[in-house]
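[1] Dropping the sequence and predicted coords here.
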Amino acid sequence: MSNLILEMCKKAKESSYKLARLPTEKKNKALYNMAEALKKNADVILEANRKDVEASKKRGVKEALLDRLILNENRIAKMAQCLKEVAELPDPIGEIVKTWTRPNGLIIGQLRVPLGVIAVIYESRPDVTSDAAGICLKSGNAVILRGGSDAINSNVAIGKVLNEAAIEAGVPDGAIQVVPVTDRSAALELMRMRDYVDVLIPRGGAELIKAVIENSKVPVIETGIGNCHIYVEEDADLESAVDIIINAKCQRPGTCNAAEKLLVHRGIAKTFLPKIIKALRDHKVEVRGCDETRKIVPDVLPANEEDWYTEYLDLIIGIKIVDGLDAAITHINKYGTKHSDAILTSDFNKALRFIRDVDSAAVYWNASTRFTDGNQYGLGAEIGISTQKIHARGPMSVQHLTTTKYFILGQGHIREI
């Protein structure tokens, strides 16, 4: 195992130097090639995916998580479209961010460059394989992809298709690699390859991210735990609120941008809660609520302290009645995961206050949290949603996988003091 991961890392590091110099036109050609290859090889990818899905069903994986694993022709077409959209984004590499001249005539500048080698450790979703490969290629980075055991056949098939298409377009071999084994030791070894890997991005549940943070010797960008909230103010459009909440909770409950908690202003609780709880139950959502919620709708299951911290990734939602905007903001900042949170209100000042004071990567006014997605933001795709307060926060796309270097232009300058 050590030799496999080490050799992959060496290969990636070598290719990263060539990738950093690759012209934009060649990178874009590769991305278009990769998109077409996905569509041409859809049958091969779907057959590999069927094996993964069948194995997961036998293990009793719940439906919401199974949905993240399943591929079909439409999802493959969407993966291909995302690669084309990434190709159409401006190339950040080589951009001169800014320059300035010192009093002594020395010119200082900042140049945008790739990070180098990026490792991604992720769970379930095989479309991450395609998105991450495309974003890393466009930003001049080599990528090593280590997916979960539940999607191993899908990931290997997608990786092979993408790698061959990229090489055909002139991308160096080693730029896109998928770890072909499921042993946890492979992931642990990848986390320790500090000499070769520049950044590690975990994409998955709390357990995966915790394991990476605790074990990695490589710098980590945390992503994705989404205990997302929607707060309904007393002046909200309640008909629109029902549509937004149902979309945020039910469209794809196994994703990190799905709403997990609903906060309702006390002034509208008696009117709104019966209506929204019925709508949620019509969509097969299990409702858990605070004591006051249960006084209004008695058959709601009781929510405990742990519930307020929990990312369900399922058709479950927690509901709490709050006194107003201050209480909602306090609750979200205490229990949330700094991912995506929304306020539904007709008052601009309340919305502005919520946007300013809620400490999350994405904050919404009168919109579903499901929009937290690189594609929906016009970024082409994303490699993950960062919940940290570093240079990259929220959906991370091409520009977020770069850094800068200083360049200094002199004319025989020497330092005198």
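    Great, that's in hand.

[2] Helices of the stretch 101-250 of the chain, start to end?
    Ranges of helices within the stretch 101-250 of the chain are 127-138, 152-168, 184-191, 206-215, 238-250, based on DSSP state H, counting those that start in this stretch.

[3] With Ile321 as the reference, name the closest of these.
    Ile321 sits nearest to helix 238-250 of all the helices of the stretch 101-250 of the chain, at 14.8 Å, using Cβ to Cβ. To be clear about C-beta, it is placed using only N, CA and C from the backbone, and glycine gets the same treatment.

[4] How about residues contacting the closest one?
    With contact meaning Cβ atoms under 8 Å, 6 or more residues apart in numbering, helix 238-250 is reached by 228, 230, 232, 258-260, 262, 268, 271-272, 275-276, 279-280, 283, 285, 315, 317, 342, 344, 366-370.

[5] Distance from the chain centre to that helix, please.
    For helix 238-250, the separation from the chain centroid amounts to 23 Å (computed by Cα atoms, centre = their mean, to the nearest Å).

[6] go on, stretch 253-268?
    The chain centre lies 19 Å from the centre of stretch 253-268; the measure is Cα atoms, centre = their mean.

[7] buried set for that stretch?
    253-265, 268 (16 or more other Cβ atoms under 10 Å).

[8] ok now do Glu286, which residues does it touch?
    Glu286 sits next to Leu301, Leu315, Ile316, Ile317 when contact means Cβ under 8 Å, 6+ apart.

[9] As a markdown table, the residues you listed with distance to Met34 would be great.
    What follows is those, written out as a markdown table (distance: Cβ to Cβ, whole Å):
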| residue | distance to Met34 |
| --- | --- |
| Leu301 | 46 |
| Leu315 | 35 |
| Ile316 | 37 |
| Ile317 | 38 |
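
[10] Quick check on these: which are buried?
    Looks like those have Leu315, Ile316, Ile317 buried, using 16+ other Cβ under 10 Å.

[11] sorry, back to before: filter the contacts of helix 238-250 down to the ones in helices?
    Among these, the members falling in helices (DSSP state H) are Thr271, Phe272, Lys275, Ile276, Ala279, Leu280.

[12] pLDDT added to those residues, as a markdown table?
    A markdown table is the format used below for the ones in helices among the contacts of helix 238-250 (pLDDT from 0 to 100):
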| residue | pLDDT |
| --- | --- |
| Thr271 | 97 |
| Phe272 | 98 |
| Lys275 | 98 |
| Ile276 | 98 |
| Ala279 | 98 |
| Leu280 | 98 |
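
[13] nearest to Ala157, of the residues you listed?
    Once Cβ to Cβ is applied, the member of the ones in helices among the contacts of helix 238-250 that ends up nearest Ala157 is Leu280, at 37.4 Å.

[14] helix/strand/coil for the closest residue in space to that closest one that isn't next to it in sequence?
    Using Cβ to Cβ, 6 or more residues apart in numbering and skipping the chain neighbours, the partner closest in space to Leu280 is Val287 (5.7 Å). Using DSSP: H, G, I helix; E, B strand; the rest coil, the three-state assignment for Val287 comes out as strand.

[15] next one: Thr404
    Per three-state DSSP, Thr404 ends up strand.

[16] who are the neighbours in contact with it?
    By Cβ under 8 Å, 6+ apart, the neighbours of Thr404 are Val97, Gln110, Leu111, Arg112, Val113.

[17] burial measure for the closest residue in space to it that isn't next to it in sequence, as a count.
    Sequence neighbours aside, Gln110 is the residue nearest to Thr404 in space, at 4.5 Å (criterion: Cβ to Cβ, 6+ apart). Gln110 has 16 neighbours, counted by other Cβ atoms under 10 Å.

[18] quick one on the thing from earlier: so which of the buried residues of stretch 253-268 belong to strands?
    Using DSSP state E, Ala259, Glu260, Lys261, Leu262, Leu263, Val264, His265 are the members of the buried residues of stretch 253-268 that sit in strands.

[19] which residue sits closest to Ala42 in space, ignoring its chain neighbours?
    Here the residue nearest Ala42, using Cβ to Cβ, 6+ apart, is Ile76, at 4.9 Å.

[20] wait, that neighbour sits on Ile45?
    Yes. Assessed by Cβ atoms under 8 Å, Ile76 is found in contact with Ile45 at 6.2 Å.

[21] Give me the common contacts of the two.
    What both Ile76 and Ile45 touch, as defined by Cβ under 8 Å, 6+ apart, is the set Leu38.

[22] Between these two, point out the one with more neighbours.
    Ile45 (25 against 22).

[23] Name all residues that make contact with the more buried one.
    Leu38, Leu71, Ile76, Ser154, Ala157, Ile158, Val161.

[24] now those as TSV including pLDDT and distance to His331?
    Formatted as TSV, the contacts of Ile45 follow (pLDDT from 0 to 100; distance: Cβ to Cβ, whole Å):
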residue	pLDDT	distance to His331
Leu38	98	43
Leu71	96	37
Ile76	97	40
Ser154	97	39
Ala157	98	44
Ile158	98	40
Val161	98	46
